[in-house]
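Asker: Got a sequence here, can you model it:
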Amino acid sequence: MLSRVAENIYWLARYLERAEDMARLISVNSHLLLDFPHATKLGWDSLINITSTEELFEKHYTRPDETSVLQFLCGDRRYGSSIIASLANARENLRTTREILPREIWEEVNQLYLNIAAKVESGVTPRNRDSFLKQVIRSCQTVTGLIEGTLSHTQTRTFLTLGRSLERADMTTRIIDVRSANLLPKTAEDLKPFENLQWMSVLKSLTGFQMYRQQVRLRVRGPDVLRFLIQDTAFPRAVACSLKDLSLALLPLPRSEEVQGLVDDLARLLIAADVEELAHEPEQLHLFMDELQVGLNQVHTALVSNYYDVKHPPKP
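Answerer: Numbering: from 1, shown residues only. Have a look, this model is predicted:
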């Protein structure tokens with residue numbers, strides 16, 4: 001496979017996963033705001049902090065209210081990881097390589113982009129927010145289902161798996177970060193009665209509530225939820241499961257030792273994590289999520305240097 005084609009396939013998967021997970025990120029914040037008392041300071045600027053886009057947001061918007069943040073994260077093409085920008089990039093990467101993928105996948109991705117672009121054009125508002133996010137998530141899952149059901153197990157699938165797994169692990173850490181110290185008030189005593197609601201919202205945003213109940217068989221508790229979302233190797237959106245998928249996808253590739261070593265380092269970091277302490281120390285949880293995100297970016301950099309055209313790599 002040409003390195004250019006491998007790179008496009010990798011980014012197709014990353015952008016599709018990014019669009020879906022951005023919708024999940026907005027969804028979990030919406031649920032938390034509904035569940036929390038109005039006296040708390042948790043707001044829509046949380047999402048700007050998580051995505052590290054304060055400078056870009058402040059350049060184009062006056063204040064981080066719900067309408068502005070929704071427009072920025074859902075429909076602003078100036079932000080490369082907004083839902084519409086991610087879908088546009090996924091569509092473009094697929095357009096240039098669609099001869100190696102089943103036609104049905106191209107048709108579904110193209111229709112997904114056109115549908116979401118039309119909704120963005122008419123405006124994403126607080127009133128239609130939930131239906132918009134559900135459509136993005138459901139449509140991206142449809143594409144994933146087509147890939148799983150129609151694509152042969154070749155190098156094309158390998159690079160799709162690499163892109164999807166890496167992006168999924170990164171975004172799961174960001175969704176967990178909704179619960180971290182930089183987003184919640186420093187004096188969080190008033191939030192004690194709502195702690196389990198926060199963790200339940202995070203689970204639901206990852207469609208993990210039922211799987212958690214089946215596997216853990218306990219009421220929702222912070223340490224148990226955190227252990228499930230970062231250390232479980234069976235739940236597809238858990239960080240450990242994404243790393244396992246990454247590791248397996250790397251096996252048939254040449255020159256994979258460096259990347260495999262970085263993935264193994266992250267897996268050891270997850271195993272060694274004290275989830276009990278992290279769940280009760282928001283500041284430590286935030287720092288740990290940052291450490292994971294740095295490690296995942298190192299994996300991406302190693303993939304670029306090993307397998308793709310390093311002259312003009314696309315920016316994450």
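
Asker: neighbours around Ser122, how many?
Answerer: For Ser122, the count of nearby residues is 9 (other CB atoms under 10 Å). Glycine gets a C-beta too; all of them are placed from N, C-alpha and C.

Asker: quick one: contacts for it?
Answerer: By CB atoms under 8 Å, 6 or more residues apart in numbering, the contact list for Ser122 is empty.

Asker: Show me the residue at the heart of this protein, geometrically.
Answerer: With distances taken as CA atoms, centre = their mean, the residue of the chain nearest its centroid is Met171 (2.6 Å).

Asker: elements contacting the helix or strand encompassing that one?
Answerer: Using DSSP states H and E, Met171 sits in helix 155-176. The contact analysis (3 or more CB pairs under 8 Å, 6 or more residues apart in numbering; DSSP states H and E) places helix 155-176 against helix 3-35, helix 129-150, helix 195-205, helix 222-231, helix 239-250, helix 282-307.

Asker: picking up where we left off before, can you pull the contacts of the residue nearest to the centre of the chain?
Answerer: 17-18, 21-22, 24-25.

Asker: Swap in 10 Å and give it another go.
Answerer: Contacts for Met171 (CB atoms under 10 Å, 6 or more residues apart in numbering) come out as 17-18, 20-22, 24-25, 50, 81, 206, 237, 242, 293, 296.

Asker: just those: which has the poorest pLDDT?
Answerer: Least confident of those in the model: Ile50, at 78.

Asker: could you measure that residue against Leu70, distance?
Answerer: Going from Ile50 to Leu70 by CB to CB, to the nearest Å gives 15 Å.

Asker: For the contacts of Met171, could you give me TSV that also reports distance to Gln284 and neighbour count?
Answerer: Below are those laid out as TSV (distance: CB to CB, whole Å; neighbours: other CB atoms under 10 Å):
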residue	distance to Gln284	neighbour count
Glu17	27	25
Arg18	27	29
Glu20	29	26
Asp21	24	26
Met22	26	25
Arg24	24	24
Leu25	21	24
Ile50	17	20
Ser81	26	18
Leu206	21	25
Arg237	22	21
Ser242	22	28
Gln293	15	17
Leu296	19	25
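
Asker: Among those, find me the one that's closest to Pro102.
Answerer: Nearest to Pro102 out of these is Glu17 (CB to CB; 18.8 Å).

Asker: can you tell me how far the closest one sits from Gly123?
Answerer: For Glu17, the distance to Gly123 (CB to CB) stands at 25 Å.

Asker: what's the answer for Ala238, then?
Answerer: 35 Å.

Asker: what's the answer for Ala90, then?
Answerer: From Ala90 to Gly123 the distance is 22 Å (CB to CB).

Asker: Can you find the helix or strand of this protein with the lowest average pLDDT?
Answerer: Least confident helix or strand of the chain, by mean pLDDT, DSSP states H and E, is helix 195-205 with a mean of 79.

Asker: quick one: that helix to helix 3-35, angle?
Answerer: Here the directions of helix 195-205 and helix 3-35 differ by 140 degrees (axes from the mean of the first three to the mean of the last three CA atoms, to 10 degrees).

Asker: Mind listing what's buried along helix 195-205?
Answerer: For helix 195-205, the neighbour count (16 or more other CB atoms under 10 Å) marks 195, 197-205 as buried.

Asker: Over to stretch 261-270?
Answerer: For stretch 261-270, by 16+ other CB under 10 Å, it's 262-263, 266-267, 269-270.

Asker: what does stretch 144-152 give?
Answerer: By 16+ other CB under 10 Å, the buried positions in stretch 144-152 come out as 144, 146-147.

Asker: List the contacts of that stretch.
Answerer: If you take CB under 10 Å, 6+ apart as the criterion, stretch 144-152 is touched by 12-13, 16-17, 20, 100-109, 156-157, 160-161, 164.
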